[in-house]
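1. here is my input, please return the structure:
(2 chains)
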Amino acid sequence: MTNDQLRSLIEAIAAHRDRGAFAELFHHFAPRLMGFGLRRGADAATAEELVQETMLAVWRKAGTFDATRATVSTWIFTIVRNKRIDMLRRQTYPEVDLEEAAEIPSGERPADGDLANSQDEVALQDAMRTLPAEQLEVLQKAYFEDKTHRAIADEMKLPLGTVKSRIRLALARLRLLLPEGQV
Amino acid sequence: MIRHHPPLELLMEYATGAAQQGAALVVATHIARCGSCAAEVGRLEAAGGVLLHAAGTGPVGDHLLPALLERLDEPALVPEPEPHFDAETLRLFPAPLRRHLGCNLAELDWRRTTGFFEEVVVGLSSQGEKALLLKLQPGCPVPPHSHIGHELILVLDGGYSDEYGRYNRGDFGTLCPGEVHNPIVDDDNGCFCLVVVDGPVKLLDGTDIISDPSWI
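-> Got it, this is the predicted structure:
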């Protein structure tokens, strides 16, 4: 499903609590969320609970989804990330809410917006497919297994610098770094 | 103008969820005031969205959707209402920090334990890190100290200078294990900061600069 199709499902849930739209969204995301939970090392029952809690949050928070700030997949990724930390680590993840962006002084706002529209997402999907396997592997470990660079290095028996440079090369190739880069 | 930002590695660990609660708190508090880091985290989260979309799938039992549909009408847990934050609290504590503290600045229990600053310990549910709010008076020199772990410093108001530069409101300092610095509070308003450490911080004679090092 494209981002525009997914977005109209979210909008149908927000506007009139559309259970059919919710079921469609479930069929699309539940297997992926299940894979995400299992990959983190959760047992099947915990992974199912993670899917339920994430989809329930999607139902409840559909009205707060802002298509100008994130794609549907990105929004659901942040929800499952936070739920996973709640469930597996018993920690509340400090979040920055959308309305709080108003606190950012005007001089500190970025010139370009967030990566949000569907063309950007398609470009990112295409770029992701061209990543060398060794770069994709470290990215997947970082995102799916919420591992620090140090933990990835230890597990893969690689020097920390190698992990850092693979991640940096991957992010540069995906055009996800600030133009001038950061230290 | 914010000049010092968290390292990319830390923004990435925040976006992937690998950051522990204290590190995540100080990063979230910085990005609440820094548009460029907010946008960078947004881009890094977008990579998470694409990876999730392209991810391997797991088996979903037939019972799961009906079970979930039954739960849709369950009342959601109503979060505790936020306290009324006064103007000084709103000015000094960006939303992620004040939400975490859940009280106004005036209600914090400041203690002077080491002679260099007043401190409040910020409660965390993670292990192996400690978060503190520090208040330093103008002109206060903190003796040179070294870091056995990492130290993350977010200036909430005022500022300081050290060997690495000048840090003003919103700036983010990162000290790595083994690095020594000698900060001087050279701002007329003193320096108010949020500090997260994941290992002891020692003066050069070996004494602990942060009270109660037993947590590590």
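2. quick check, the lowest-mean-pLDDT helix or strand in chain A touching chain B?
-> When each helix and strand of chain A is scored by mean pLDDT, DSSP states H and E, helix A:118-129 comes last, with a mean of 83. Yes: against chain B, helix A:118-129 shows contacts by C-beta under 8 Å from any C-beta of the partner chain at A:D120, A:E121, A:L124, A:Q125, A:M128. For every residue, glycine as well, the C-beta is placed using N, CA and C.
3. quick check: of those, which lies closest to A:L25?
-> A:E121 (16.6 Å; C-beta to C-beta).
4. pLDDT at the residue nearest to B:A38 when sequence neighbours are not counted, what is it?
-> Distances taken as C-beta to C-beta, 6 or more residues apart in numbering or on different chains place B:I31 nearest to B:A38, at 4.5 Å, with adjacent residues excluded. At B:I31, the pLDDT value in this model is 93.
5. neighbours of B:I31, how many?
-> Counted with other C-beta atoms under 10 Å in any protein chain shown, the neighbours of B:I31 add up to 26.
6. now B:F192
-> Counted with other C-beta under 10 Å, B:F192 comes out at 22.
7. which helices and strands does the helix or strand where it lies pack with?
-> Assigned by DSSP states H and E, B:F192 belongs to strand B:191-197. The contact analysis (3 or more C-beta pairs under 8 Å, 6 or more residues apart in numbering or on different chains; DSSP states H and E) places strand B:191-197 against helix B:21-31, strand B:130-136, strand B:151-162.
8. report the beta-bridge partners for B:R111.
-> According to DSSP bridges, the partner residues bridging B:R111 are B:E119.
9. ranges for the helices of chain A?
-> Along chain A, the stretches classed as helices by DSSP state H are A:3-16, A:19-39, A:44-61, A:72-84, A:118-129, A:133-144, A:149-156, A:160-173.
10. my error: substitute chain B in the last question.
-> B:8-16, B:21-31, B:35-53, B:64-71, B:87-92, B:95-101.
11. report pLDDT for the residue sitting furthest away from the middle of chain B.
-> Within chain B, B:D62 marks the point farthest from the mean C-alpha position, 42.2 Å out by C-alpha atoms, centre = their mean. Reading off the confidence values, B:D62 has pLDDT 92.
12. which phi and psi does it have?
-> With angles defined as degrees, to the nearest 10, B:D62 sits at phi -60, psi -20.
13. geometric centre of chain B: which residue is closest?
-> B:V26 (1.5 Å).
14. ok, now chain A?
-> A:F77 (3.1 Å).
15. what does the average pLDDT come to for stretch A:31-50?
-> Mean pLDDT, stretch A:31-50: 91.
16. measure the residue nearest to B:E129 when sequence neighbours are not counted to B:L105 for me?
-> Distance criterion C-beta to C-beta, 6+ apart; nearest residue to B:E129, sequence neighbours excluded, is B:G22 at 4.0 Å. With distances taken as C-beta to C-beta, to the nearest Å, B:G22 is found 20 Å from B:L105.
17. so these two - more neighbours on which side?
-> Higher neighbour count among B:G22 and B:L105: B:G22, with 26 against 20, using other C-beta under 10 Å.
18. was I right about that one contacting B:S125?
-> No: using C-beta atoms under 8 Å, B:G22 makes no contact with B:S125, being 9.7 Å away.
19. what residue ranges in chain A score low on pLDDT?
-> A:98-119, A:178-183 (pLDDT under 70).
20. domains in it, as residue ranges please.
-> Annotated domains of chain A cover A:3-94, A:130-173 [automatic domain parsing].
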